[in-house]
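J.: Quick one: sequence and predicted model below, then my questions.
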Amino acid sequence: MTRVSTLQMNSLVVGSAMNSQSQYAQAVTQEASGLVASDFGTLGGSASSEMLNFQHGIEQAQTWASDATTIGNRTQSMYSAIGNMVNTMSSLESKISAVMASTDTSTLGAAVQSLQQTLVSQMNTQDSGGYLFAGTNSGTAPVSLAGYPAAGFTAGASDTSYYTGNTAVLSVRVSPQQSVSYGVTGDNPAFEQAMRAVQATIQAANLTSTTINGSLTSTSPTAATSVAAGTFTINGGGTVTVNAGDSLQTIAGAINAAAGATGVTAHVVGNNGVYSLQVSSGSSAALTFTNGTGTALSNLGLSNSTFTQAVQTQLKAAYGVATTAVTNLSNLQETVASASSQLKSAGTQQTTYVTYLQNSLSSVKDVDTAQAAAKVSQYQTQLQASYLAVSQISKLNLAQYL
């Protein structure tokens with residue numbers, strides 16, 4: 001006997017309808033979310049692994065691009081600070097040249113001390129709360145005058161005792177293959193030369209001769225001279241009175257009598273019939289002569305000790321160091337500019353790479369919304385047809401055919 005049944009046909013039609021329903025639901029989800037799948041399990045092993053690799057690559061490239069941009073901005077601050085130092089040193093050169101031409105150092109000390117404070121401030125430039133030229137010790141100002149020699153300074157010998165940072169030269173990684181070195185520390189030779197040039201100039205401004213020799217000569221300390229009558233003071237002491245024809249010995253006595261507590265002394269020096277008047281401040285203090293009346297002071301040939309050979313020698317040395325500092329600071333500025341350019345290029349490359357990875361990731365996880373909409377319509381039609389088929393087959397009654 002053969003069994004007759006509609007079960008197999010019913011199961012086939014219902015199974016087809018359920019498959020169409022599943023495809024329709026997935027298409028609706030894709031159209032709504034814009035994603036191929038809402039979880040890795042649905043996406044599949046190969047696609048999931050590819051997606052994770054793309055995401056990791058994007059995060060790493062974004063970090064490198066961000067670091068390159070951040071450090072690039074920092075190098076711009078460094079470039080500007082070093083440029084300001086070049087301007088400061090150029091100003092120092094101008095002041096030294098002016099003093100060398102005029103032999104007047106009366107305002108040099110104060111002017112250069114102001115430049116020194118400016119230079120220290122430039123070397124202590126900060127960016128985002130950290131000091132640019134301190135190495136890895138960015139929380140502490142790298143330049144301080146506390147330990148810097150204020151006297152006995154030699155223009156020809158380097159001295160980095162002003163520096164409080166460390167020697168670590170900073171660098172940043174911008175790709176698996178590239179690391180850019182950008183750090184400049186405050187003990188860099190160009191910085192040291194700038195500091196030394198300023199300090200040497202300050203010391204030159206403070207140098208004075210403690211002894212001045214007059215130009216008036218005589219054949220004997222006690223012989224009458226050609227001096228005219230007049231009065232003058234030395235270093236603010238009492239008035240020195242000189243009579244016409246006074247001997248060098250008499251004039252020296254008048255100076256000593258008027259010196260008081262100033263420490264100024266005078267005596268006659270010379271031999272072999274050529275004698276002159278010598279005046280000493282008695283210390284490192286300058287000698288300042290102020291004329292009162294007459295021409296005795298000019299006849300004696302006594303002048304202020306504001307510009308001596310020692311000052312001139314020190315200023316020449318300071319000028320030479322300042323010139324070297326300007327050259328080396330300019331070269332250093334170009335080195336920083338090169339690092340900045342490398343960082344900018346690296347940042348652009350990583351940003352471009354991020355875009356490429358994002359597009360690649362999109363091709364794995366995102367759907368074409370137009371295609372998704374078309375599939376929704378297609379599967380909706382199939383599903384409606386499946387439901388109709390199920391409805392029709394459920395109406396069949398085998399008894400009608402037996």
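T.: Received, thanks.
J.: Show me where the chain dips below the pLDDT cut-off.
T.: By pLDDT under 70, the low-scoring segments of the chain are 1-48, 150-153, 208-210, 283-285, 306-307, 361-370, 372-377, 379-380, 382-402.
J.: Can you give me the domain assignment for it?
T.: Using automatic domain parsing, the domains assigned to the chain come out as 75-207+311-353, 211-305.
J.: To residue 55, which of these lies closest?
T.: Nearest to residue 55, of all these, is domain 75-207+311-353, at 13.7 Å by CB to CB. C-beta: built from backbone N, CA, C; applies to glycine.
J.: what distance separates the closest one from the centre of its chain?
T.: 9 Å (CA atoms, centre = their mean, to the nearest Å).
J.: hey, where'd the helices end up in the stretch 301-402 of the chain?
T.: 309-365, 369-393 (DSSP state H, counting those that start in this stretch).
J.: what's the first one packed up against?
T.: On a contact count with 3 or more CB pairs under 8 Å, 6 or more residues apart in numbering; DSSP states H and E, helix 309-365 meets helix 45-102, strand 179-181, helix 189-206.
J.: looking at these, which is closest to residue 291?
T.: With CB to CB, the closest approach to residue 291 among the helices and strands packed on helix 309-365 belongs to helix 45-102: 20.2 Å.
J.: quick one: the closest one to helix 309-365, angle?
T.: Interaxial angle of helix 45-102 relative to helix 309-365 (axes from the mean of the first three to the mean of the last three CA atoms, to 10 degrees): 160 degrees.
J.: which is the next helix or strand following helix 45-102?
T.: helix 108-123 (DSSP states H and E).
J.: hang on, the earlier thing: okay, the helices and strands packed on helix 309-365, which one's buried deepest?
T.: Mean neighbour count (mean count of other CB atoms under 10 Å) peaks for helix 189-206 among these, with a mean of 24.
J.: Following that one in sequence, what is the next regular element?
T.: Counting by DSSP H and E, what follows helix 189-206 is strand 211-218.
J.: partner strands of the helix or strand following that following strand, parallel or antiparallel?
T.: Per DSSP H and E, the first helix or strand lying C-terminal to strand 211-218 is strand 230-234. Strand 230-234 pairs in its sheet with strand 240-242 (antiparallel), strand 289-294 (antiparallel), by DSSP bridges.
J.: and of these, who's closest to residue 189?
T.: Once the strands paired with strand 230-234 are compared by CB to CB, strand 289-294 is nearest, at 43.3 Å.
J.: Please work out how many residues are found near residue 327.
T.: Neighbours of residue 327 under the rule other CB atoms under 10 Å: 14.
J.: how about the domains of the chain in JSON lines, adding distance to residue 50?
T.: Formatted as JSON lines, those follow (distance: least, CB to CB, whole Å):
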{"stretch": "domain 75-207+311-353", "distance to residue 50": "17"}
{"stretch": "domain 211-305", "distance to residue 50": "81"}
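J.: My read is that residue 228 contacts residue 244, right?
T.: Yes: the pair residue 228 and residue 244 qualifies as a contact (CB atoms under 8 Å) at a distance of 5.5 Å.
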